[in-house]
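A.B. asks: can't give you the sequence, but here's the structure:
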C-alpha cells in the first residue's frame, strides 16, 4: 500500500481540483495522499470531504516557501491543525503579499508594453494562491509568449525584467510555524537546491523529515537522502509533487510514492510532539 505525500491542486498552482485528485488517487489504488498546496490550506477541506465520499484517506498538508542565502527552500507541513487561528492569520498575510507582488510584476510588464491586468491574473488563479504560473498563463493567453516556459525565461523568471521577489520566511521560521500549528515539518526535494548542508541546522530547529523520493531526484539521490534521513533520525517521505502533466516537477500523480507506514510515522511523530501541549490531535 503506497501513499503520495506531495500534491498540488487548483487552490495553488495545480490544474486538478481536490475532488479530481482524490478520485484519481482512489482509482490508482493508492492508500492515501497529502494535499500540499503552496501557502494555503484551502484545498484540504474539500479534499477531505471527497475522501469521506470515496472512503479514502487524505492527509492535511501545506508547502511553505522559505529562503536561505538567496535560494528557495521549501518546507512541507503535514497534519497541521486546520483551525489554528495564528497559522491561518499568517497564511492570510502570505496571500496578501502574493497579490501585492503580482501587482508589481503586472506593472513592470505594462511598462514593457504588455496589456496585462492584475484582475485577469487573479481570475486565472481562481480561489487558489496566486503565483507566477498564473501570470505566465495570462501572458500566454494575451499572445505575448508562445509557452509558459518562455514567459519565465524572458520576463518573469528570477533576474528577468518583470521579476519581483516574494516575501519568504527563513527555513527555521517555516519549521516553527508548522510545529506551532501541531504539524510535522519536512524538508522538500533537497536535491533541487543546496539544502543538504542545512539539514543539521534545520534538525536543531525542529525538522522531522526529509523528502527523499521526488521526481527530480535520481535513483542515486533518493538512496542518498534516504540514508541521510535514517542516519539523522528523520522520517523518510516522498511524493510526486503533482501539478499538471507539463510541470517541470511532478508530471504524473503517483509517480513517486512511499509505503503507507510513512503516514503512520508522521502520525506517531505528531502524537508524541503535541502530547503535553495545548494542541489537540485531529484524526483524519
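C.D. replies: Yes, it's here. Because the structure is a prediction, the values reported are computed rather than measured.

A.B. asks: How about the contacts made by residue 253?
C.D. replies: 4, 7, 21, 24-25, 28, 240, 242 (Cβ atoms under 8 Å, 6 or more residues apart in numbering). C-beta here means a position set from N, CA and C on the backbone, and glycine is covered the same way.

A.B. asks: Secondary structure class of it, three-state.
C.D. replies: coil (DSSP: H, G, I helix; E, B strand; the rest coil).

A.B. asks: Could you list the buried residues of the helix or strand encompassing residue 172?
C.D. replies: Using DSSP states H and E, residue 172 maps to helix 171-180. For helix 171-180, a neighbour-count test (16 or more other Cβ atoms under 10 Å) marks 171-172, 174-180 as buried.

A.B. asks: Out of those, the closest to residue 225 would be?
C.D. replies: Nearest to residue 225 among those: residue 171, at 16.3 Å, using Cβ to Cβ.

A.B. asks: who's in contact with the closest one?
C.D. replies: Contact analysis of residue 171 by Cβ under 8 Å, 6+ apart lists 66-68, 73, 75, 187, 195, 198, 202, 205.

A.B. asks: Just the ones of those residues in helices?
C.D. replies: Using DSSP state H, the members of the contacts of residue 171 that fall in helices are 202, 205.

A.B. asks: Would you check which pair of the contacts of residue 171 lies furthest apart?
C.D. replies: Maximum pairwise distance among the contacts of residue 171 (Cβ to Cβ): 14.7 Å, between 67 and 205.

A.B. asks: mind listing what residue 89 touches?
C.D. replies: Residues near residue 89 by Cβ under 8 Å, 6+ apart: none.

A.B. asks: phi, psi of it?
C.D. replies: phi -60, psi -40 (degrees, to the nearest 10).
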